[in-house]
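*Asks:* no sequence on this one, just coordinates:
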Ligand code: PMP
């Protein structure tokens, strides 16, 4: 996919809003304010457009309330747990209060533990070292819920069950595998990062427990859209990331049963994780300190707690209704254009605002570059760190993913649909690299403040572009 038109014929304007059918005409504003929501970005050819952020499934913009909370705390920032100064005492209190808030927000039981981690990947890696036996997963999982469980130790490791073509078939396959040989843990996604589909979690909890296994839910995608109730659901563990919850300040969490965590080797051996150290021996602390060696991401934990407080105060019903109307508008708009979103389980009744698709005749890498370079729309393309799933869906060459959140409006969805119309009708106006990954030339300027960082152009850092399953490209997209 190389030269499609010379750069000297730039698109005259950003895609105009496209009618999306009479049933979805009502305007839907953003639900919550986020930092940078009205920011414009440069397009190729010297124009600018308001940035349309349709990539919250990868990482969400900070809620304004979260950013304000962090800047309120910053003047008072100091070390936690071991400082005697006023600021250390204050920050320790805030950090431990954030633990309480996070636990309460996800329905932790009184004896559950909240361990602050870097993100979901970190949380599941921590749990993987604590599981006293084998783990069963589906082949639809994000790599974060697949790779940590692989283990060379006998009696440990992962058994990957191929998903069925319906939720019912999938549950039957999991039941058969758990009945065939006991497992310690069933680890499932709360919502697919590729299709947004939500499995029937109450049924999976019952299924795991009926076979003597515990269940861990990877709620990286579910929690921002639906909330989570560990005790209400009866699940044993939940893992999630602050940066997908509008709190991109470096913290996530693992919440769940204490016993395995207290018996496990410390996740990060070091200061703060111990009760007593001699030159030859260590008496480790119990959880959560046991797994939080070193100085934690205090602001990340506070941001995560503030995000959960804000989403709770907004109300799960309002969040769900806002997202459902944008999701419907997007899916209906794509279908009107002959584009069918990817699905794993057509019978899944609940789907969060994550929509992946391919545009016939255009490589997904090119579609994503075009949306960015010519329209200022941020989506993700590739295989979404879910290579086995993309292979089973028959899109080994990658897809485009548009994801929705509280900061999106119907205008965002319409911008995407309008840009796709222009692409299909006229092709890109700019030229792109042969792999479709970058505009060529890329004349988009950097923000003035970025000069101090030494960065000189977009895409020159270590961000290899691998549009498909080319091992040489080396990027896990
Ligand atoms: N699980 C799912 C379902 C995800 O979507 C992601 C992130 N894309 C992860 C796990 C990993 O999250 P993180 O990168 O924050 O560790």
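*Replies:* Everything's here; your move. Just so it is clear, the model here is predicted, and its values are computed rather than measured.

*Asks:* chain center to the helix or strand containing residue 68, what's the gap?
*Replies:* Secondary structure assignment for residue 68, by DSSP states H and E: helix 64-73. Distance, stretch centre to chain centre, for helix 64-73: 22 Å (Cα atoms, centre = their mean, to the nearest Å).

*Asks:* got it, and stretch 230-241?
*Replies:* Relative to its chain's centre, stretch 230-241 lies at 17 Å (Cα atoms, centre = their mean).

*Asks:* contacts for that stretch next, please.
*Replies:* Here stretch 230-241 makes contact (Cβ atoms under 8 Å, 6 or more residues apart in numbering) with 106-109, 112, 117, 119-120, 123-124, 127, 185, 190, 201-202, 205-206, 209, 214-220, 223, 228, 252-257. All C-beta spots, glycine's among them, are computed from the backbone N, C-alpha and C.

*Asks:* so of these, which ones are in strands?
*Replies:* If you go by DSSP state E, these have 117, 185, 214-218, 252-256 in strands.

*Asks:* of those residues, which is the nearest to the ligand?
*Replies:* Nearest to the ligand among the ones in strands among the contacts of stretch 230-241, counting by Cβ to the nearest ligand atom, is residue 218 at 4.6 Å.

*Asks:* all strands of the stretch 351-477 of the chain, in order?
*Replies:* Here the stretch 351-477 of the chain has its strands, by DSSP state E, counting those that start in this stretch, at 354-357, 377-378, 380-382, 399-403.

*Asks:* how near is the nearest residue to residue 198 once chain neighbours are set aside to residue 124?
*Replies:* Leaving out its chain neighbours, the residue that sits closest to residue 198 by Cβ to Cβ, 6 or more residues apart in numbering is residue 350, at 4.1 Å. In this view, residue 350 and residue 124 are 23 Å apart by Cβ to Cβ, to the nearest Å.

*Asks:* same check on residue 268?
*Replies:* Where residue 124 is concerned, residue 268 sits at a distance of 15 Å (Cβ to Cβ).

*Asks:* between those two, which has more neighbouring residues?
*Replies:* A direct count of neighbours by other Cβ atoms under 10 Å for residue 268 and residue 124 places residue 124 higher, at 27 against 17.

*Asks:* how about the nearest residue to the more buried one once chain neighbours are set aside, what does it touch?
*Replies:* In space, residue 124 comes closest to residue 148 once its chain neighbours are excluded; the distance is 4.8 Å by Cβ to Cβ, 6+ apart. By Cβ under 8 Å, 6+ apart, the contact set of residue 148 is 121, 124-125, 127-128.

*Asks:* how about the nearest residue to the closest residue to the ligand within the stretch 301-450 of the chain, chain neighbours excluded?
*Replies:* Nearest residue of the stretch 301-450 of the chain to the ligand (Cβ to the nearest ligand atom) works out as residue 385 at 5.8 Å. Spatially, and ignoring its direct neighbours in sequence, residue 385 is nearest to residue 143 (4.5 Å; Cβ to Cβ, 6+ apart).

*Asks:* burial count for the one you found?
*Replies:* The local packing of residue 143 (other Cβ under 10 Å) involves 17 other residues.

*Asks:* likewise for residue 450?
*Replies:* Neighbourhood size, residue 450 [other Cβ under 10 Å]: 12.

*Asks:* kindly report the same for residue 173.
*Replies:* Using other Cβ under 10 Å: residue 173 sits among 16 other residues.

*Asks:* what residues are up against it?
*Replies:* 161-164.

*Asks:* which of those residues lies closest to the ligand?
*Replies:* Nearest to the ligand out of the contacts of residue 173 is residue 163 (Cβ to the nearest ligand atom; 14.5 Å).

*Asks:* my guess is that closest one meets residue 140, correct?
*Replies:* Yes. Here residue 163 reaches residue 140: they are 5.0 Å apart, a contact under Cβ atoms under 8 Å.

*Asks:* compare the two and say which is more crowded by neighbours.
*Replies:* residue 140 (27 against 21).

*Asks:* distance check, the more buried one against the ligand.
*Replies:* Going from residue 140 to the ligand by Cβ to the nearest ligand atom, to the nearest Å gives 10 Å.

*Asks:* tally of neighbours for the closest residue to residue 189 other than its chain neighbours?
*Replies:* Nearest non-adjacent residue to residue 189, counting by Cβ to Cβ, 6+ apart: residue 218, 4.9 Å away. Residues lying near residue 218 (other Cβ under 10 Å) number 28.

*Asks:* hmm, residue 276 and residue 282 touching each other?
*Replies:* Yes. With contact defined as Cβ under 8 Å, residue 282 and residue 276 form a contacting pair (7.5 Å).

*Asks:* ok, the two, which is more surrounded?
*Replies:* Between residue 282 and residue 276, residue 282 has the larger neighbour count (other Cβ under 10 Å), namely 13 against 9.
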